[in-house]
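J.: Generate a structure from the sequence data that follows.
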Amino acid sequence: MHLPDDQFADLSARIVAFARHYWNSLESLPVRPPTSPGDVLAQLPTEAPRHGADAAEWDRVFSDLESIVLPNLTHWQSPNFFAFFPANISGPAILGELLSACLGVQGMMWSTSPACTEVEIRILDWLVEMLGLPSSFLSTNHNGGGVIQSTASESTLAALVAARRRTRKAGVDASMMTLYASNQAHSSIVKAAMIAGFADDGNDRSHLRLIDVGPAFGMRCDALAAAMKEDIAAGLVPIFIAATIGTTGTTAVDPIPEIADAIDVVAAHLPSRPWLHVDAAHSGAALICPEFRWMSAGVERADSFCFNPHKWLLTNFDCDCFWTSDRASLIGSMSITPEYLRNEASDAGTVTDFRDWHIPLGRRFRSLKLWLVIRHYGVEGLQAFIREHVEFAAMFEALVRADPRFEIVGERTVNLVCFRLGPVAHETSTQTDARNRALIDRINATGRAYLIHTVTPPVDDQPAKFILRMSIGAVRTRQHHVRDTWSLIAGLA
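T.: All right, here's what the predicted structure looks like:
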């Protein structure tokens with residue numbers, strides 16, 4: 001019943017043809033499907049097939065792909081997808097993913113596939129230089145190094161348990177530890193606190209402080225300093241601060257140097273220095289261009305850093321790059337070696353076993369896809385890719401500013417433009433929000449573009465605002481797609 005080689009080759013060619021047709025038809029497809037809950041389930045049999053597939057069954061598989069799957073997808077690769085952040089794919093990345101699947105290696109330890117480990121080490125070191133990160137993150141540093149995690153959420157959790165380990169070794173009980181992030185940080189910070197035992201649920205703030213932000217929606221460092229000092233005075237111990245380069249809502253940038261300064265002030269009164277983690281999940285890709293490295297100023301003072309090539313660097317999901325300058329704390333928080341994992345190389349301590357760097361034991365050969373992306377595009381090609389999207393965002397921002405009905409909200413840092421219909425005379429903020437809610441619903445109902453909203457926090461005397469997000473980053477997006485989407489928005493306003 002195994003797939004014969006010749007049939008595997010034929011089906012592989014058919015899938016590649018299917019993919020090419022899909023990519024070439026993306027522009028004509030509605031970005032979001034008009035699907036109701038249960039529509040797909042209603043078209044699938046309630047029982048698994050009892051017999052293996054023959055040629056006719058494989059024909060039915062492709063028919064189901066066309067009639068059931070494609071019509072009910074949100075097309076993340078559409079050139080008119082402007083929601084959330086991009087989820088890039090590219091030909092080289094797909095080939096790398098295919099190679100990883102074909103090789104089928106289990107890369108949990110160096111000994112189980114040396115190339116899987118050492119290719120990853122080299123690529124993560126390449127990226128340190130490519131992104132302008134500090135040498136303390138290099139594998140050649142006595143206590144540094146990088147690893148591919150699944151997502152930035154896993155990186156946050158890894159950094160948090162490493163911070164907990166480091167502080168426990170200094171004699172602090174976990175019940176006294178406190179964590180800090182801005183109120184615009186990704187929800188994975190709160191989730192990591194829940195998983196690590198620092199919060200009972202998403203609303204528990206007994207050990208987690210969400211710090212207010214300023215007018216540009218970056219963390220207020222005076223508020224961070226005050227919160228840490230207050231906790232220390234109450235007998236608590238700050239252990240973990242998460243800074244963000246490119247918040248999900250508005251791509252705001254937390255001021256890393258000032259955050260590190262605030263940590264320096266309190267560190268002298270603590271048994272160990274609090275861990276500074278920098279989450280650059282989306283915007284970190286832009287650091288490949290030197291002109292955007294202002295966002296990462298001060299990162300050399302961080303204990304860990306992560307970004308997602310699977311968002312904006314042409315590498316398909318899942319691929320998060322995570323570095324630390326304190327791998328001893330990271331490994332110490334996760335390492336366990338039962339007898340069946342013992343081997344000469346690991347026992348000698350001369351190799352890297354990435355199973356100790358993240359939550360899962362097993363791991364795929366994920367570095368292959370990133371390796372092929374970097375080799376195909378080169379640094380200059382990747383820079384051009386990022387710069388084009390930033391130029392498109394600047395163009396869109398200019399179009400919004402030229403229409404007196406609209407206003408820009410916040411500061412555009414890279415490829416995300418936050419905007420809305422501005423208030424009119426005698427209109428309450430609730431009424432303004434309602435008009436913007438109705439506008440985004442009309443836009444998305446056309447199927448010609450897909451945007452999402454967020455709500456900015458109240459800052460100083462400014463109320464919370466319902467805003468629209470235009471995130472430009474899909475591989476196939478061109479200038480005319482951005483202009484056409486603006487025409488659609490302006491026409492529906």
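J.: Now do the strands in the stretch 251-400 of the chain.
T.: Applying DSSP state E, counting those that start in this stretch to the stretch 251-400 of the chain gives strands spanning 275-279, 304-307, 320-324.
J.: export those strands to TSV and tack on mean neighbour count?
T.: No exception for glycine: its C-beta is placed from N, CA and C like everyone else's. Formatted as TSV, those follow (neighbours: other C-beta atoms under 10 Å):
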stretch	mean neighbour count
strand 275-279	27
strand 304-307	29
strand 320-324	28
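J.: nearest to P4, of the ones you listed?
T.: Of all the strands of the stretch 251-400 of the chain, it is strand 320-324 that lies closest to P4, at 37.3 Å by C-beta to C-beta.
J.: Could you name the helices and strands sitting against that closest one?
T.: Applying 3 or more C-beta pairs under 8 Å, 6 or more residues apart in numbering; DSSP states H and E, one finds that strand 320-324 makes contact with helix 114-131, strand 145-149, helix 152-169, strand 304-307, helix 309-312.
J.: ok, 7 Å please
T.: Other elements packing on strand 320-324 under the criterion 3 or more C-beta pairs under 7 Å, 6 or more residues apart in numbering; DSSP states H and E are helix 114-131, strand 145-149, helix 152-169, strand 304-307.
J.: who wins for proximity to L73 among the strands of the stretch 251-400 of the chain?
T.: L73 lies closest to strand 320-324 among the strands of the stretch 251-400 of the chain, at 23.6 Å (C-beta to C-beta).
J.: which residues sit against that closest one?
T.: 124, 127-128, 133, 137, 144-152, 154-155, 158, 162, 303-309, 330 (C-beta atoms under 7 Å, 6 or more residues apart in numbering).
J.: T178 belongs to a helix?
T.: No - under DSSP: H, G, I helix; E, B strand; the rest coil, T178 falls outside any helix and is assigned strand.
J.: Correct me if wrong, but A199 is in a strand.
T.: No - counting by three-state DSSP, A199 falls outside a strand, being coil.
J.: doesn't A192 make contact with it?
T.: No - judged on C-beta atoms under 7 Å, A199 makes no contact with A192 at a distance of 9.1 Å.
J.: Who has more neighbours out of the two?
T.: Using other C-beta atoms under 10 Å, the more surrounded residue of A199 and A192 is A192, with 27 against 20.
J.: Tell me, how many residues neighbour the closest residue in space to G332 that isn't next to it in sequence?
T.: Closest residue in space to G332, ignoring its immediate chain neighbours: R165 at 5.1 Å, by C-beta to C-beta, 6 or more residues apart in numbering. Residues lying near R165 (other C-beta under 10 Å) number 19.
J.: Three-state assignment for I440, please.
T.: Applying three-state DSSP: I440 is helix.
J.: Now do the same for it: its pLDDT.
T.: Listed pLDDT for I440 reads 97.
J.: which residues does it contact?
T.: Counting by C-beta under 7 Å, 6+ apart, I440 has contacts 451, 453, 468.
J.: Try it again at 10 Å.
T.: 420, 450-453, 466-469, 489, 492 (C-beta atoms under 10 Å, 6 or more residues apart in numbering).
J.: mind listing which of these are in strands?
T.: Using DSSP state E, the subset of those located in strands is 420, 452-453, 466-469.
J.: was I right about the residue nearest to G332 contacting L330?
T.: Yes - counting by C-beta atoms under 10 Å, R165 touches L330, with 7.9 Å between them.
J.: from the chain's centre, how far out does the lengthiest helix in the chain sit?
T.: Ranked by residue count and defined by DSSP state H, the top helix of the chain is helix 367-401. Chain-centre distance of helix 367-401: 16 Å, with C-alpha atoms, centre = their mean, to the nearest Å.
J.: do the same with stretch 99-116
T.: Taking C-alpha atoms, centre = their mean, one finds stretch 99-116 lying 24 Å from the centre of the chain it belongs to.
J.: Tell me the buried residues in stretch 313-320?
T.: Buried residues in stretch 313-320, defined by neighbour count with 16 or more other C-beta atoms under 10 Å: 313-317, 319-320.
J.: so which of those residues comes closest to E397?
T.: Nearest to E397, judged by C-beta to C-beta, of those is L313 at 22.7 Å.
J.: Burial check on the spatially closest residue to that closest one that is not a sequence neighbour, number of neighbours?
T.: With C-beta to C-beta, 6+ apart as the criterion, L313 has its nearest non-adjacent residue at 4.4 Å, and that residue is A285. Look at A285: counted by other C-beta under 10 Å, it has 32 neighbours.
J.: Tell me which residues touch A285, please.
T.: Counting by C-beta under 10 Å, 6+ apart, A285 makes contact with 85-86, 88, 131, 246, 292, 307-315, 321, 382, 385-386, 389, 414-415, 473.
J.: F406 now?
T.: Contacts of F406 by C-beta under 10 Å, 6+ apart are 399-400, 419-422, 436, 439, 468, 486, 489-490, 493.
J.: G104: which of those is nearest?
T.: Using C-beta to C-beta, the contacts of F406 come closest to G104 at L468, 44.2 Å.
J.: mind checking how far the closest one is from L492?
T.: 11 Å (C-beta to C-beta, to the nearest Å).
J.: which residues does A170 contact?
T.: Counted by C-beta under 10 Å, 6+ apart, A170 has contacts 237, 239, 270-273.
J.: and R363, how many residues sit next to it?
T.: Per other C-beta under 10 Å, the neighbour tally for R363 reads 25.
J.: D318 is in contact with that one, correct?
T.: No - under the criterion of C-beta under 10 Å, R363 is not in contact with D318, lying 11.1 Å apart.
J.: Could you name every residue contacting both of these two?
T.: 148-150.
J.: how much space between A55 and S63?
T.: A55 is 13 Å from S63, where distance means C-beta to C-beta.
J.: what residues go with each domain of the chain?
T.: Taking automatic domain parsing as the criterion, the chain consists of the domains 5-30+33-73, 98-374, 383-492.
J.: Which one of those domains lies nearest to F81?
T.: Nearest of the domains of the chain to F81, taken as C-beta to C-beta: domain 383-492 at 5.1 Å.
J.: Tell me the span between the first and last residue of that closest one.
T.: From its first residue to its last, domain 383-492 covers 35 Å (C-alpha to C-alpha, to the nearest Å).
J.: before we move on, back to that, let me have the contacts of F406 in JSON lines, extended by distance to Q462.
T.: Putting these into JSON lines (distance: C-beta to C-beta, whole Å) gives the following:
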{"residue": "L399", "distance to Q462": "24"}
{"residue": "V400", "distance to Q462": "19"}
{"residue": "F419", "distance to Q462": "16"}
{"residue": "R420", "distance to Q462": "13"}
{"residue": "L421", "distance to Q462": "16"}
{"residue": "G422", "distance to Q462": "13"}
{"residue": "N436", "distance to Q462": "16"}
{"residue": "L439", "distance to Q462": "21"}
{"residue": "L468", "distance to Q462": "17"}
{"residue": "W486", "distance to Q462": "26"}
{"residue": "I489", "distance to Q462": "23"}
{"residue": "A490", "distance to Q462": "25"}
{"residue": "A493", "distance to Q462": "22"}
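J.: Kind regards, and thank you for your time.
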